[in-house]
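*Asks:* Show me how the following folds:
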Amino acid sequence: MRKRRGSIWTWVYFGIFGLAAAFFLLGPTLAERSMNRISGIELPEVSDEARALHASLTIVDLHSDTLLWDRNMLVGASRGHMDVPRLMRGNVALQVFSSVTKSPRGQNYDSNSSEAADNITPLVIAQMQPIETWTSLLQRSLFHAKRLDQAAAGSKGVLRKIETPANLSYLLTARAAAERQEMLKPVGAMLSIEGMHDMDGDIANLDRLYEAGFRMASLTHFFDNQLAGSMHGEAKGGLTDLGREVIRAMEARGMIVDIAHCSHTCVAEILAMATRPVVSSHGGVQATCDVNRNLTDEELRGVAATGGVVGIGYWEGAICSTEPADIARAMKHVRDTIGIDHVALGSDYDGSTEVAFDTAGLVHVTQALMDAGFSESEIRAVMGGNALRVIKAGLQPK
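*Replies:* Numbering: from 1, shown residues only. As a prediction, this is how the structure comes out:
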């Protein structure tokens, strides 16, 4: 009887060990495969003319959540939407990498509680991140910054962190030189924050985030926080006193204010007080996709009044499909409403989204814009020129 009881406990221990191993080794990979998908729709054929134009573009994407996932971004992956090899194949000059630190259980576009259980914490633990990141949102962002620093350091100059206008100018010069010499062109990487609850309510932490390299930030994500109301929160209010203080501090330092995920009241109040160009880093427009997180025409005009840009995404919530033609349709509406100077790319790659192509396939956007009648100069502006203008200006401290 003792032997049998011992045998049972041996199997119990093996079972527990197996479950733990699966959680730590397989859990994050399986989660990403299920959450960052390619839709598999049949894509329109890409012409030689589109490929040639795409190869000559300077491309900027305003939003990706790749740092959230436990992948070496220097190595091409068979999952997710983005890594450095795919950025290079897509001819991306500058990628903005967002730090996501909290996501409410049961996340939806309509109403989420700030007190809901957090989806990110189990992922952080399963990925065996440093213990301090298990309980601190600030430490999660600082860890994301460290991951980007390590990737840049290990890339032999291929991945370059962008923190100043001079960094950006040097990147563009290096890319032009590499193209002339038929060498691999370097890719720039800039840090952003998706929801400034990572400040832990202390404005002094803004300095720590700036020192770590963060140069863009949205005040909210999927829930109301101490700075502002979220479009997906419960109260959906406007800016708090802390939120106003943070915006003024960001503008002074040279950090770009992102209105993505803010409530309509929050957006209106940011646009009213902004003294520098603001961005909507990733999303869509209600005129072509009537989803609450997308911008109204009045909000588009407000962004344009600051000199900012609107990044159009590629997933269902942004364009109501994953078709390249619907990306171009949303961009056309922005162009026709506030002008071509205010349209940009905002993929939301690796942001728990389903898209029709990964970053290596960005030529499909170029083709869609050509099919929609955009001129070459307009395509150059949309694919990166407009975003570069705003980022160069925004990174300069007052």
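*Asks:* Touching stretch 114-131 from outside, list them.
*Replies:* Here stretch 114-131 makes contact (C-beta atoms under 8 Å, 6 or more residues apart in numbering) with 23-24, 27-28, 31, 68, 70, 100-107, 133-134, 139-140, 143, 223-225, 233-234. C-beta: built from backbone N, CA, C; applies to glycine.
*Asks:* Could you list the buried residues of it?
*Replies:* Buried residues in stretch 114-131, counted by 16 or more other C-beta atoms under 10 Å: 114, 118, 119, 120, 121, 122, 123, 124, 125, 126, 127, 129.
*Asks:* So, low pLDDT: which residues of this protein?
*Replies:* Within the chain, the segments meeting pLDDT under 70 span 1-27.
*Asks:* thinking again about what came up before, which of the contacts of stretch 114-131 count as buried?
*Replies:* For the contacts of stretch 114-131, buried by 16+ other C-beta under 10 Å: 27-28, 31, 68, 70, 100-104, 133, 139-140, 143, 223-225, 233.
*Asks:* next one: phi and psi at the closest residue in space to residue 353 that isn't next to it in sequence?
*Replies:* Nearest residue to residue 353, sequence neighbours excluded (C-beta to C-beta, 6 or more residues apart in numbering): residue 315, at 4.0 Å. Backbone dihedrals for residue 315, given as degrees, to the nearest 10, come out at phi -110, psi 170.
*Asks:* got it, and residue 281?
*Replies:* Residue torsions, per degrees, to the nearest 10, at residue 281 are phi -70, psi -30.
*Asks:* and the residue nearest to residue 353, how many neighbours?
*Replies:* Neighbourhood size, residue 315 [other C-beta atoms under 10 Å]: 24.
*Asks:* next one: the one 3 residues further on
*Replies:* Applying other C-beta under 10 Å, we find 28 other residues in the vicinity of residue 318.
*Asks:* dump the residue contacts of it.
*Replies:* Applying C-beta under 8 Å, 6+ apart, the residues contacting residue 318 are 282, 283, 284, 289, 291, 294, 312, 330, 346, 348.
*Asks:* Where neighbours are concerned, which of those has the most?
*Replies:* residue 282 (34 neighbours).
*Asks:* nearest residue to that one other than its sequence neighbours?
*Replies:* Spatially, and ignoring its direct neighbours in sequence, residue 282 is nearest to residue 346 (3.4 Å; C-beta to C-beta, 6+ apart).
*Asks:* Could you check how far the one you found is from residue 311?
*Replies:* 2 Å (C-beta to C-beta, to the nearest Å).
*Asks:* Verify the stated contact: residue 299 with residue 264.
*Replies:* Yes - using C-beta atoms under 8 Å, residue 299 is in contact with residue 264, at 7.4 Å.
*Asks:* ok, those two, which is more surrounded?
*Replies:* The residue with more neighbours, out of residue 299 and residue 264, is residue 299; 21 against 16, by other C-beta under 10 Å.
*Asks:* host element of that one?
*Replies:* Element membership for residue 299, per DSSP states H and E: helix 297-306.
*Asks:* What residues of that helix count as buried?
*Replies:* For helix 297-306, the neighbour count (16+ other C-beta under 10 Å) marks 299, 300, 302, 303, 304, 306 as buried.
*Asks:* Mind putting these into JSON lines with distance to residue 96?
*Replies:* Output for the buried residues of helix 297-306, formatted as JSON lines (distance: C-beta to C-beta, whole Å):
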{"residue": "299", "distance to residue 96": "21"}
{"residue": "300", "distance to residue 96": "20"}
{"residue": "302", "distance to residue 96": "21"}
{"residue": "303", "distance to residue 96": "17"}
{"residue": "304", "distance to residue 96": "20"}
{"residue": "306", "distance to residue 96": "18"}
